[in-house]
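> Predicted model and sequence below, questions to follow.
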Amino acid sequence: MLDLEDGVFMDQVEELVEGKRWAQLRDMLLLLEPADIALILDKLPEDRLPLLYRLLPKETAAEVFVEMDPDVQELLIKTFSDTELKEVLDELYVDDTVDLIEEMPASVVKRILKHTDPETRKSVNEILKYPEDSAGSIMTTEFVDLKRDMTVEDAFKRIRRTGIDKETINICYVTDPSRHLLGLVSIRTLLLAEEDEAIEDIMETNVIFATTLEDKEDVAQQLSKYDFLAMPVVDKESRLVGIVTIDDAIDVMEEEATEDFEIMAAITPTDKPYLRTGVWETVKSRIPWLMLLMLSATFTGIVINSFEDSLARCSVLIGFIPMLMGTGGNSGNQSSVAVIRGLSLNEISFSDLLEVVWKESRVAVVCGVLLACGNFVKLLVVDRGLMQNTEVTPLVALVICLTLVCTVFCAKVVGCMLPLLAEKIGLDPAVMAAPFISTIVDVLSLVIYFAFATALLGL
């Protein structure tokens, strides 16, 4: 794998550019994968980018173009002549052209569509009509279709004739004259079959497929689950309209994982790379969540103020509030992350709510008791014994430890329930992750703490 972090390779590129050794530079770039070439071009100054891009052969240039960030693609398109733009577009698969159009401003889209052939333009418009998060929006219409009355020999002739323009030929799909999906056959099966065998005799008829309006994340998970290289996509009349390939599925999973991480960190998701996102855009994505969480956190202040007199009579209790709130928040986050992951992998659903709560309750009791025992020893040995803090009496230690057990229990139950409830009402479970759970658990831990203090210490 190419490592650009040490800067050695980029120094070599700069040296070849300065010396105008274009042939040597071209040969060096062609030894790399398109994704690595795209990384190199992304790091170049804007004035040198078009020059180096034009060194690449037509097919390689198209593959590199697909791997580039949208803003770099836009920059290149503005420098392309009409002929160069058409050459790149002719080499792109339909789904890559759709991705490009979705990322570009209207003026650039108009120019792109102007230089695509009518058939591609029709396919692009068909895909663009599907919802953004659907299987139809990420499928490609470039696949090999066969007829069931073909022989293996006929199938190979068709693959050789049409396969060069298809995104994958590893799996071929069998359809009837109305394009209804009947089955599929792999290249491996064709190679091992006799030339005069009929396709209908060797094809698989138990085909797992997706529908055009199915959620693209669900389709990606199905591809991962069954280790497919591609999945057929049918419309509401069971006609084959496209396929979702594994590379697109990986992009979807990466995009969804990034979105979940951002939501769990209380950041509005964005599809721009971090270093290419402006300061004001970053502020806009963060400040609404920070404002909401700041206002919700004022509830902890209200609880503390309501017990101000009690705290004044036993001030030692104040020092343990951060520990209790922090432990509760951490406990809730553990449960929520485990449940969110289970939901994303379809390992659990809302129907498993009682089972999940029962499991987390048992885990919470064990964790809470172990933490309380360790904390009780620490309070008496370290705080009271070594640090000579006489205010930490066994009764105070008992209040803290009982609060700890109850807080951990409440935190884990809340942490496992909220994502499941969010999923049930149609919200992203990641919304119910760390920030919100911590705020809720903070309030609960304080209420429990002061309840025990009032009951046992007579405050």
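Yep, that arrived.
> Only C-alpha atoms from now on, for both contacts and neighbour counts.
Fine.
> In contact with the closest residue to Lys424 other than its chain neighbours, which residues?
If you skip the residues right next to it in sequence, Lys424 has Phe350 as its closest partner in space, 6.3 Å away by C-alpha to C-alpha, 6 or more residues apart in numbering. Phe350 makes contact with 420-421, 423-424 under the criterion C-alpha atoms under 8 Å, 6 or more residues apart in numbering.
> Throw these into a markdown table and include secondary structure, distance to Glu194 and pLDDT, thanks.
Converted to a markdown table, the contacts of Phe350 look like this (DSSP: H, G, I helix; E, B strand; the rest coil; distance: C-alpha to C-alpha, whole Å; pLDDT from 0 to 100):
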| residue | secondary structure | distance to Glu194 | pLDDT |
| --- | --- | --- | --- |
| Leu420 | helix | 53 | 89 |
| Leu421 | helix | 56 | 88 |
| Glu423 | helix | 51 | 83 |
| Lys424 | helix | 52 | 86 |
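> residue ranges with poor pLDDT in this structure?
By pLDDT under 70, the weakly predicted segments of the chain are 1-8, 260-276, 289, 296, 430-435, 459.
> Run through the strands of it in chain order.
Along the chain, counting by DSSP state E, strands occupy 145-146, 171-175, 181-186, 210-211, 230-234, 240-245.
> how about the contacts of Phe350 in CSV, adding neighbour count?
Putting the contacts of Phe350 into CSV (neighbours: other C-alpha atoms under 10 Å) gives the following:
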residue, neighbour count
Leu420, 26
Leu421, 17
Glu423, 18
Lys424, 14
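> hmm, back to that, what distance do you get for the residue nearest to Lys424 to Ile437?
When distance is defined by C-alpha to C-alpha, to the nearest Å, Phe350 is 18 Å away from Ile437.
> got a list of what the spatially closest residue to Val339 that is not a sequence neighbour touches?
Taking C-alpha to C-alpha, 6+ apart as the measure, Val339 lies nearest to Cys416, with 6.0 Å between them; neighbours along the chain are not counted. Taking C-alpha under 8 Å, 6+ apart as the contact definition, Cys416 lies against 332, 335-336, 338-339, 356-357, 360.
> Could you do Ala297 as well?
Ala297 sits in contact with Thr439, where contact means C-alpha under 8 Å, 6+ apart.
> How about Val241?
Applying C-alpha under 8 Å, 6+ apart, the residues contacting Val241 are 141, 232-235.
> just the buried members of these?
141, 232-234 (16 or more other C-alpha atoms under 10 Å).
> Run through the helices of the stretch 101-250 of the chain in chain order.
Secondary structure of the stretch 101-250 of the chain by DSSP state H, counting those that start in this stretch: the helices cover 106-114, 118-128, 135-138, 152-162, 187-192, 199-202, 216-226, 246-264.
> which one of the contacts of Val241 sits closest to Arg313?
Ranked by distance to Arg313 (C-alpha to C-alpha), these are led by Val233 at 69.4 Å.
> Surely that closest one touches Thr245?
No. No contact is recorded between Val233 and Thr245 when judged using C-alpha atoms under 8 Å, the distance being 10.5 Å.
> what is in contact with those two at once?
Listed contacts common to Val233 and Thr245 are Met139; contacts here mean C-alpha under 8 Å, 6+ apart.
> Give me the buried positions along stretch 187-194.
Applying 16+ other C-alpha under 10 Å to stretch 187-194 flags 190, 193 as buried.
> In TSV: the contacts of Val241, plus distance to Glu59.
As requested, those are exported to TSV (distance: C-alpha to C-alpha, whole Å):
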residue	distance to Glu59
Thr141	20
Pro232	26
Val233	27
Val234	30
Asp235	32
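> And for this protein, the residue most distant from the center?
Ranked by distance from the centre of the chain (C-alpha atoms, centre = their mean), the top residue is Thr390, with 52.4 Å.
> Give the closest residue to it in space, chain neighbours not counted.
Once flanking residues are discounted, Thr390 sits nearest to Arg384: 5.7 Å by C-alpha to C-alpha, 6+ apart.
> Tell me how many other residues crowd that neighbour.
Using other C-alpha atoms under 10 Å, Arg384 has 17 neighbouring residues.
> repeat for Phe9
Here the number of neighbours of Phe9 (other C-alpha under 10 Å) works out to 14.
> Which one, of the strands of the chain, ends up nearest to Asp251?
Shortest separation from Asp251 across the strands of the chain is recorded for strand 240-245, at 10.3 Å, computed as C-alpha to C-alpha.
> tell me the angle of that closest one relative to strand 230-234?
For strand 240-245 against strand 230-234, the angle by axes from the mean of the first three to the mean of the last three C-alpha atoms, to 10 degrees is 150 degrees.
> In JSON lines: the strands of the chain, plus distance to Leu30.
Shown next, in JSON lines, are the strands of the chain (distance: least, C-alpha to C-alpha, whole Å):
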{"stretch": "strand 145-146", "distance to Leu30": "33"}
{"stretch": "strand 171-175", "distance to Leu30": "29"}
{"stretch": "strand 181-186", "distance to Leu30": "31"}
{"stretch": "strand 210-211", "distance to Leu30": "37"}
{"stretch": "strand 230-234", "distance to Leu30": "28"}
{"stretch": "strand 240-245", "distance to Leu30": "25"}
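> With respect to Leu398, which of these lies nearest?
Checking the strands of the chain against Leu398 by C-alpha to C-alpha gives strand 210-211 as the closest, at 57.7 Å.
> Could you give me the buried positions within stretch 146-163?
When burial is assessed from 16+ other C-alpha under 10 Å, stretch 146-163 yields the following buried residues: 146-148, 150-156, 159, 163.
> Please report the distance of Trp22 from Leu41.
15 Å.
> try Ala364
In this structure, Ala364 lies at 52 Å from Leu41, with C-alpha to C-alpha as the measure.
> cool, Phe376 as well?
Remark: distance between Phe376 and Leu41 (C-alpha to C-alpha) = 60 Å.
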